[in-house]
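Visitor: predicted coordinates and the sequence they were generated for:
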Amino acid sequence: KHKIALQDYYVAQSSVSPNLKTKLRYKAFDVDSYNSDYEVVLTFTGSLGVYDAGKSGSIANAALKRAKIAKARKNAIKINNAARLGTIESQINSTLARLSKINEATKKYQRDLKIIEEKSKTVSYSASEIISIKEKIFDQQLSFVDAYLNLNRLSLEVFHLHSIYPSLIGLGINDEGDIL
């Protein structure tokens, strides 16, 4: 939108700007015998802008304002998405830390379960303790699934932002076609 608005501005400005065109032409009179009868013509044509009561100026100013608004909107979107990426990065880091703690807790509960099961073979042991540990392991596994789904959702959001604004993340191809 920014580039289109700038083009509209230049077109409006050029509609009342003076211009000069040149044309160079070569013309042979006798094409069949070609006896050096030819003519070279250089033509100059020009025009001066016509007074249009400010119409072209207002069109140019409106186009320039549209270009500035489009550029400001693009910058605002880029800043907003950069901030969103920062938020997503911190959420991903905290989710990864949560997954690590869930794994550690699950391993601890599994070790405790093995100890309790071994003791229950030799000593009279309460079944409620075994059930309690198994419930804790199950809760940790549910938490792991929840955190993992959250991590996948955040990853999809990063890829979505990348598909819209590849230069924001630094992957893909920029406007000039260079691979980033």
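Guide: Ah, there it is.

Visitor: surely residue 23 is in contact with residue 40?
Guide: No. Between residue 23 and residue 40 there is no contact under C-beta atoms under 8 Å: 11.4 Å. Backbone N, C-alpha and C define where each C-beta goes, glycine included.

Visitor: how much space between the nearest residue to residue 66 once chain neighbours are set aside and residue 96?
Guide: Distances taken as C-beta to C-beta, 6 or more residues apart in numbering place residue 5 nearest to residue 66, at 3.9 Å, with adjacent residues excluded. As judged by C-beta to C-beta, to the nearest Å, residue 5 and residue 96 stand 44 Å apart.

Visitor: next, the buried residues of the one helix or strand residue 131 maps to.
Guide: Assessed by DSSP states H and E, residue 131 sits inside helix 127-164. Across helix 127-164, burial judged by 16 or more other C-beta atoms under 10 Å covers 130, 133, 136-137, 140, 143-144, 147, 150-151, 154, 157, 161-162.

Visitor: ok, those residues vs residue 84, which is closest?
Guide: residue 161 (6.8 Å; C-beta to C-beta).

Visitor: go ahead and confirm that closest one touches residue 81.
Guide: Yes. Between residue 161 and residue 81 there is a contact under C-beta under 8 Å: 5.5 Å.

Visitor: cool, thanks, talk later.
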